[in-house]
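**Q** After the sequence you'll find the predicted model.
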Amino acid sequence: MIEHQAMEVKIPETTVRKDELEDGQPLSPAARVFHAPEFNCYVISVIGVKKKIEPDVIIEGLKQTLIRHPRFSSKMVSRRNKNSETQIWVRTNVVVSDHVIVPEIQTQNMENANADKFLESYVSDLTLIPLDTSKPLWELHLLDLKTSDAENVAVLKFHHSLGDGMSLMALVLACMRKTSNPDELPTLPNQNRSSSSKSSRLKAGSRGDFRFLWLIMALWSAIMLVLNTLCDALEFIATAMFLKDTETPIKGDFRLSKHRRMSLVHRTVSLDDIKLIKNTMKMTVNDVVLGVTQAGLSQYLERRYGEKKKKLGEDQRNSNDMPKRVRLRSAILVNLRPTTGIQDLSDMMAKGSKCRWGNWIGYIVFPFSIGLRKDPLEHLRSAKRIIDRKKNSMEAALTFIVGKFMIKSLGVKVTANVINRALSNTTMSFSNLIGPIEEISFFGHPITYMAPSVYGHPHALTIHFQSYMNKMTISLTVDPTVITDTHRLLDDWEESLKNIKAAVQERGSIH
């Protein structure tokens, strides 16, 4: 078991020379917020591999890739002026072995189920241990531990100030190669969004017969964009001030204590099942996982409310144990920075070229429609209606812009408090990342799954989805004092997926 330490972040002030300080790069506004005590966030990723890990090979690989990125070879220091203090990144010599931890684990006669529990406990303990700010803010744990879904396990831990989740995972992928061809970078699915249909509509709109209709549609779309953005902005302001979610069994209270031991668990399901639903219902993968999440949460909460009534000895004749109206909203992280390709990041590490980097993230507040449905497909339709409406809004960009303005005008502490309060009044966080379509290897170690997540923000539940080959891994980060039966929540999500798939297949056979 890992020794627990206090979660206090201390920034070194006199560990570098004056000329190094002058060459340092200031932290971005978002990075400064992520270092505030009220919002001290970390990204953590559990990676299962198919063979016994060779630490020396991993260390040598990191020397040739990861530490060549400026953020992973820089430490954070404070530069004091007469009237202010500035946090900056300063390049330093990195001793890779100081960042790679290989714990001694007694694995004799350890069954897979016990190994899974050990891994969950190990990763959960990491959430109580801050990174050493006297060196670059990342570390890699290599576990010689055979679990039910991997031969060995690697655990990457980054401070969120290094970059947004999408940037960090893209950088990790840029360090990897295809198993079938060790010289090739991972391949991600094509994300072109029906450009041909859009171009055809533009061509049609340019014709004289359709020009007026096209202009009316464009004007209406612009009006709706403004109205939606205004409504979302008002809701976000209300949420930051007074609008709270219903006190459900999955909503935590982070007002009294800031740092808690969080539990991180994961489950892998078939991506082909999700794609089957997506294609039949003419949706995106994100639409499907949102809809299944809504169904899974509804099923989980129905049982939790039923158990609460039973414990209190209340009448059980009512078939629906949940309140009629449940406000349950999720903060969905949106990447606003133009996507940096894996090839660009690989070139940066190999050749020293430049590419986009940083924490360019905004939030949208997504209201889940909680409740049992006779038709499970209604969860999909409901989630799609809401997310399509959110797509026609500048909410994410607005939260990013306002956040930067607040930092400059009110300071980091006030901004972190406002963000913390807004998120505390919602229930959970949600994110979804697209992964490689072919098997990849981490310095010669074939990967079986990737389960990234984040912690340090004021939510008792964070759900993250990561696709890889023909699989989708669901990662949960939960406060175990609030959600004590984490695996039951995963069971409900998986059961909801099966129910929706069955309904889709039945619908297809009827038609």
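**A** Noted; the coordinates are in hand.
**Q** CA atoms for contacts and neighbours, from now on please.
**A** Will do.
**Q** Secondary structure element for the closest residue to residue 395 other than its chain neighbours, which one?
**A** Nearest-residue entry for residue 395: residue 229, 5.6 Å, with adjacent residues in sequence omitted and distances by CA to CA, 6 or more residues apart in numbering. Using DSSP states H and E, residue 229 maps to helix 208-241.
**Q** so how far is that helix off the chain centroid?
**A** Counting by CA atoms, centre = their mean, to the nearest Å, helix 208-241 is centred 28 Å from the centre of its parent chain.
**Q** Check stretch 296-313 too.
**A** 28 Å.
**Q** got it, and stretch 184-193?
**A** Worked out by CA atoms, centre = their mean, stretch 184-193 lies 19 Å from the chain centre.
**Q** Okay, the closest residue to residue 475 other than its chain neighbours and residue 170: tell me how far apart.
**A** Closest residue to residue 475 apart from its sequence neighbours, by CA to CA, 6+ apart: residue 266 at 4.3 Å. Using CA to CA, to the nearest Å, residue 266 is found at 20 Å from residue 170.
**Q** tell me the contacts of residue 479?
**A** 252, 260-263, 459-461 (CA atoms under 8 Å, 6 or more residues apart in numbering).
**Q** in whichever strand or helix holds residue 508, what's buried?
**A** For residue 508, the host element (DSSP H and E) is helix 486-510. Under the neighbour-count criterion of 16 or more other CA atoms under 10 Å, helix 486-510 has 486, 489-490, 492-497, 499-501, 503-504 buried.
**Q** Pull the contacting residues for the closest residue to residue 412 other than its chain neighbours.
**A** Nearest residue to residue 412, sequence neighbours excluded (CA to CA, 6+ apart): residue 33, at 5.7 Å. The contact partners of residue 33, by CA under 8 Å, 6+ apart, come to 39-40, 412-413, 415-416.
**Q** Which phi and psi values does residue 33 adopt?
**A** phi -60, psi -40 (degrees, to the nearest 10).
**Q** Look up how far residue 506 lies from it.
**A** From residue 33 over to residue 506 (counting by CA to CA), the distance is 49 Å.
**Q** ok, now residue 262?
**A** Counting by CA to CA, the gap from residue 262 to residue 506 is 40 Å.
**Q** Same question for residue 387.
**A** 25 Å.
**Q** repeat for residue 227
**A** On the measure of CA to CA, residue 227 and residue 506 end up 39 Å apart.
**Q** pLDDT (mean, whole number) over the one helix or strand residue 171 maps to?
**A** Assigned by DSSP H and E, residue 171 falls within helix 165-174. For helix 165-174, the mean pLDDT works out to 88.
**Q** what stretches of the stretch 301-450 of the chain score poorly on pLDDT?
**A** 309-320, 338-340, 352-353, 355-356, 358 (pLDDT under 70).
**Q** Which stretches in it count as helices?
**A** For the stretch 301-450 of the chain, applying DSSP state H, counting those that start in this stretch gives helices covering 342-351, 377-391, 395-410, 412-424.
**Q** Go ahead and confirm residue 265 touches residue 475.
**A** Yes - between residue 265 and residue 475 there is a contact under CA atoms under 8 Å: 5.9 Å.
**Q** Overlap of the contact sets of the two?
**A** Common neighbours of residue 265 and residue 475 (CA under 8 Å, 6+ apart) do not exist.
**Q** quick revisit: show me what the helix holding residue 171 is packed up against.
**A** Helices and strands touching helix 165-174, by 3 or more CA pairs under 8 Å, 6 or more residues apart in numbering; DSSP states H and E, are helix 342-351.
**Q** mind listing what's buried in the helix it packs on?
**A** 342-349.
**Q** so residue 46 makes contact with residue 154?
**A** Yes - with contact defined as CA under 8 Å, residue 46 counts as touching residue 154 (6.0 Å).
**Q** Mind checking which residue lies nearest the centre of the protein?
**A** Among the residues of the chain, the one closest to the centroid is residue 431, at 4.4 Å (CA atoms, centre = their mean).
**Q** Would you check how far apart the residue nearest to residue 412 and residue 408 are?
**A** Distance from residue 33 to residue 408, by CA to CA: 12 Å.
**Q** Residue 487 too?
**A** Applying CA to CA to residue 487 and residue 408 gives a distance of 43 Å.
**Q** From what I see, residue 35 and residue 161 are in contact.
**A** Yes - counting by CA under 8 Å, residue 35 touches residue 161, with 7.0 Å between them.
**Q** quick check, residue 78 in a helix?
**A** No - counting by DSSP: H, G, I helix; E, B strand; the rest coil, residue 78 is not part of a helix but strand.
**Q** what about it, neighbour count?
**A** Residues near residue 78, counting by other CA atoms under 10 Å, number 19.
**Q** Name all residues that make contact with residue 38.
**A** 258, 413, 416-417, 420.
**Q** Would you reformat these as TSV and include distance to residue 140 and neighbour count?
**A** As requested, the contacts of residue 38 are exported to TSV (distance: CA to CA, whole Å; neighbours: other CA atoms under 10 Å):
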residue	distance to residue 140	neighbour count
258	25	15
413	30	16
416	28	24
417	31	17
420	28	19
